[in-house]
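Participant: Coordinates only, no sequence provided:
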């Protein structure tokens, strides 16, 4: 069993920083604790993503116990794992039904929505909207979908949620015992999910060919670190077994290879994305290429 020490070390540091923000920093300033918790919660989700792809031990089953309790309290790890692996079927990317991570709707569904809801969803397609209301909307849609599956008798979905509830309850006991107020931790969880929405905002676009649906964002700053280089997203989709710290080397060694692969779907940085899309939607909500019935 080959151990990827950078990933394992980062998992340890992530939990150390989480404990520091819960037990030590509130004694100095609650604001300082929040400033640490928000990126730590976002980073932990990125580490969960690494583990579900088989890092740091080469087999998922060895890494999962390290990250199975979601620090964000919102997304059960087992459900994240199953839906994300389904998302990696590239031929289904952006499909409103077959891609679990798609933000597009079937145009027929869109046309039947009330005007107020369409306004909310349009706002959600700006970067600012995605950060402010995106976590709440995504959680509601995710939970409603899983509730339907549970009612239909899907035991794996039920198990994923029951385990998540148990793990989250245990974490809340720890938080309640710490100097940090529980409500502050919940605010940090929402803010951490908001940060993650920056990553997922334009990872994929509607495109006639599957190869052109996945982005490259050539950012190498703090957000790229928090997202464990998944801004180089087409590299990850082509090489999902490549660990996070190898992705920049793979891309910058031959960027043309990957930009030919994704038909040039590229941004230079997250700063460029903020400038272009903070208040302006990147896409329509109804899938622009979805077959009309």
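Facilitator: Nice, thanks for sending it over. Every value quoted in this text rests on a predicted model; they were computed, and no experiment measured them. Numbering: from 1, shown residues only.

Participant: Correct me if wrong: residue 123 contacts residue 131.
Facilitator: No - between residue 123 and residue 131 no contact is recorded; they are 11.1 Å apart, counting by CB atoms under 8 Å. For glycine as for every other residue, the C-beta is placed from the backbone atoms N, C-alpha and C.

Participant: how much space is there between the residue nearest the centre of the chain and residue 27?
Facilitator: Centroid check for the chain by CA atoms, centre = their mean gives residue 196 as the closest residue, at 5.2 Å. Counting by CB to CB, to the nearest Å, the gap between residue 196 and residue 27 amounts to 28 Å.

Participant: low-confidence ranges in the protein?
Facilitator: 1, 292-293 (pLDDT under 70).

Participant: how about the strands in it?
Facilitator: If DSSP state E is used as the criterion, the strands of the chain fall at 216-217, 266-267.

Participant: For the residue nearest to the centre of the chain, list the residues it contacts.
Facilitator: Residues near residue 196 by CB atoms under 8 Å, 6 or more residues apart in numbering: 42, 45, 227.

Participant: OK, contacts around residue 38?
Facilitator: 188, 191-192, 195.

Participant: Would you map the helices across the stretch 51-200 of the chain?
Facilitator: Assigned by DSSP state H, counting those that start in this stretch, the helices in the stretch 51-200 of the chain fall at 60-67, 77-87, 107-111, 115-124, 127-132, 134-151, 155-177, 182-200.

Participant: Can I get those in CSV including distance to residue 16?
Facilitator: Shown next, in CSV, are those (distance: least, CB to CB, whole Å):
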stretch, distance to residue 16
helix 60-67, 13
helix 77-87, 20
helix 107-111, 45
helix 115-124, 35
helix 127-132, 27
helix 134-151, 26
helix 155-177, 14
helix 182-200, 17
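
Participant: Compare those and give me the one nearest residue 99.
Facilitator: In this view, the helices of the stretch 51-200 of the chain are compared for proximity to residue 99 by CB to CB, and helix 77-87 is the closest at 5.8 Å.

Participant: List the buried residues in that closest one.
Facilitator: Buried residues in helix 77-87, counting neighbours by 16 or more other CB atoms under 10 Å, are found at 77-83, 87.

Participant: which one of those is nearest residue 58?
Facilitator: If you rank these by distance to residue 58 using CB to CB, residue 81 comes first, at 16.3 Å.

Participant: you'd agree the closest one is up against residue 54?
Facilitator: No - counting by CB under 8 Å, residue 81 stays clear of residue 54, with 11.0 Å between them.

Participant: Next, count neighbours for residue 177.
Facilitator: Neighbouring residues of residue 177 were enumerated by other CB atoms under 10 Å; the total is 10.

Participant: brain fart, residue 165
Facilitator: Each residue near residue 165 was counted by other CB under 10 Å, and the total is 12.

Participant: for the one 5 residues further on, same thing?
Facilitator: In terms of burial, residue 170 registers 11 neighbours under the definition other CB under 10 Å.

Participant: for the one 4 residues further on, same thing?
Facilitator: Counted with other CB under 10 Å, the burial measure for residue 174 works out to 13 neighbours.

Participant: my guess is it meets residue 18, correct?
Facilitator: No - the pair residue 174 and residue 18 does not pass the contact test of CB under 8 Å, sitting 9.6 Å apart.
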